[in-house]
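*Asks:* This is the structure alone, sequence omitted:
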């Protein structure tokens, strides 16, 4: 048996960009390719791991020359690790670097330049307000209406999000369940394996709604590609037109996510989810009856007015 080659070691004092890249999901894919891939694939993966900042600006022929392989081999490598083209892989390298380093850089900049008179809490609230305003100005109702029609007609609506986007997927699932025929939250305690199992029967009559915000999860891209290969409609809720989910989606709803310190703010994403669900609820008169049934079903579990008073302390 051929001995496994060691993954790229992170040398003490190495540039922080390379360290952050190596620890990213894409970096782990490349590390595995270095260990188990062919000789040419291993060289490509090692080159990417050692030079991510340079690769982000290289043309395919320059990349091929640096790795001592053909441009065709570079293209096959990109496809084999989940990208449609070399350009898509190069964009993912750049985005991974940006996503991995941005929170650290923002935190450092905020600490070094923060006005002592400015409250961090107030600054965060300002970012939330700006994100919601920007999202409201760029969220077209016709696009919402198209997504609503797809959700209403779907046999099953699958909702997917990993990492920072996972609780957004849970919120979306909770809101959609009363008004769609069948809703499945794809990710669960089992992670990617469970998610893949949930999607195994997805097809042309189904919709996959993907929450994808920095830091972007690579597994989300692969699962969305699987859904597309089975002719399902893919809807993305993400932050910018350069986000990796955009090129894989039939419909995209944008939610601004800028923040002074956090990798991304979810405030506008929640607003988009609520706008989408409200558009769905008012799109069909039958939803009034569904809402009434939901209220009746949960009524016995809710605190009635006056029942939520704190208990009196026992006399000593």
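*Replies:* Good, I have the coordinates. Predicted, not measured: the structure shown is a model, and the values here were computed from it.
*Asks:* Residue 83: what's it in contact with?
*Replies:* For residue 83, the contacting residues are 89, 92, by C-beta atoms under 8 Å, 6 or more residues apart in numbering. Every C-beta, even on glycine, is put in place using the N, C-alpha and C of the backbone.
*Asks:* hang on, it in a helix?
*Replies:* No: assessed with DSSP: H, G, I helix; E, B strand; the rest coil, residue 83 is coil; it does not lie in a helix.
*Asks:* and the gap between it and residue 282?
*Replies:* Here the criterion is C-beta to C-beta, to the nearest Å. By it, residue 83 lies 40 Å from residue 282.
*Asks:* and what of residue 25?
*Replies:* Summarising the geometry, the distance separating residue 25 from residue 282, computed by C-beta to C-beta, is 39 Å.
*Asks:* Comparing the two, which residue is more hemmed in?
*Replies:* Each of residue 25 and residue 282 has its neighbours counted (other C-beta atoms under 10 Å); residue 25 has more, 18 against 11.
*Asks:* What backbone torsions are found at residue 204?
*Replies:* phi -60, psi -20 (degrees, to the nearest 10).
*Asks:* hang on, it packs against residue 231?
*Replies:* Yes: here residue 204 lies in contact with residue 231, judged by C-beta atoms under 8 Å, at a distance of 4.1 Å.
*Asks:* for the stretch 151-300 of the chain, which spans come out with low pLDDT?
*Replies:* Within the stretch 151-300 of the chain, the ranges that satisfy pLDDT under 70 run 190, 287-288, 290-300.
*Asks:* which residue ranges form the helices in this protein?
*Replies:* For the chain, the helices defined by DSSP state H occupy 16-22, 25-36, 39-50, 52-55, 60-67, 71-80, 86-113, 120-138, 141-153, 166-176, 192-198, 218-229, 267-281, 286-299.
*Asks:* which one of these lies closest to residue 241?
*Replies:* With respect to residue 241, and counting by C-beta to C-beta, the nearest of those is helix 120-138 at 10.4 Å.
*Asks:* Can you point out the buried residues in the closest one?
*Replies:* Taking 16 or more other C-beta atoms under 10 Å as the basis for neighbour counts, the residues of helix 120-138 that come out buried are 123-124, 127-128, 130-132, 134-135.
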